[in-house]
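*Asks:* coordinates only, sequence not included:
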């Protein structure tokens, strides 16, 4: 019972950090698409998001110390996540003709559960 409660707390914290991260990077994306191609705006925001989420999840969600090894594992995982997300974004915009301002919302909804599992693996004690 205690383990389930701890896991629920971690999931809640991850969702809060992810929500803040998503809101910040989404706003930056919205501004950048005025001056950059959507794929470059997405890429820059993703890099910013990796840094923010690594620091916030390490400190506030998983309560672990920040090490080079964890940062490297986290970055590698999120680069894989980036590739999947960019592929989804491209398919939504280019093939399904979804508006480029809405498509990232769908990507975030689909990728969030996968990103939690990956972050948990990379940031374990």
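*Replies:* Received it, and whenever you're ready, just let me know what you need. None of the values given here were measured: they were computed from a predicted structure.

*Asks:* contacts and neighbour counts: CA atoms only from here.
*Replies:* Fine.

*Asks:* pLDDT at residue 120, what is it?
*Replies:* Each residue has a pLDDT score; the one for residue 120 is 89.

*Asks:* now for it: which residues touch it?
*Replies:* Contact analysis of residue 120 by Cα atoms under 8 Å, 6 or more residues apart in numbering lists residue 62.

*Asks:* so it is in which element?
*Replies:* helix 103-122 (DSSP states H and E).

*Asks:* and the next element down the chain from the host helix or strand of residue 6?
*Replies:* Per DSSP H and E, residue 6 falls inside helix 2-32. Downstream of helix 2-32, the first helix or strand assigned by DSSP H and E is helix 38-56.

*Asks:* may I see the buried residues of that following helix?
*Replies:* 38-39, 41-42, 45-46, 49-50, 52-56 (16 or more other Cα atoms under 10 Å).

*Asks:* still on that earlier bit, buried stuff in the helix holding residue 120?
*Replies:* Neighbour-count burial for helix 103-122 flags 103, 104, 107, 108, 112, 115, 116, 118, 119, 120, 122 (criterion: 16+ other Cα under 10 Å).
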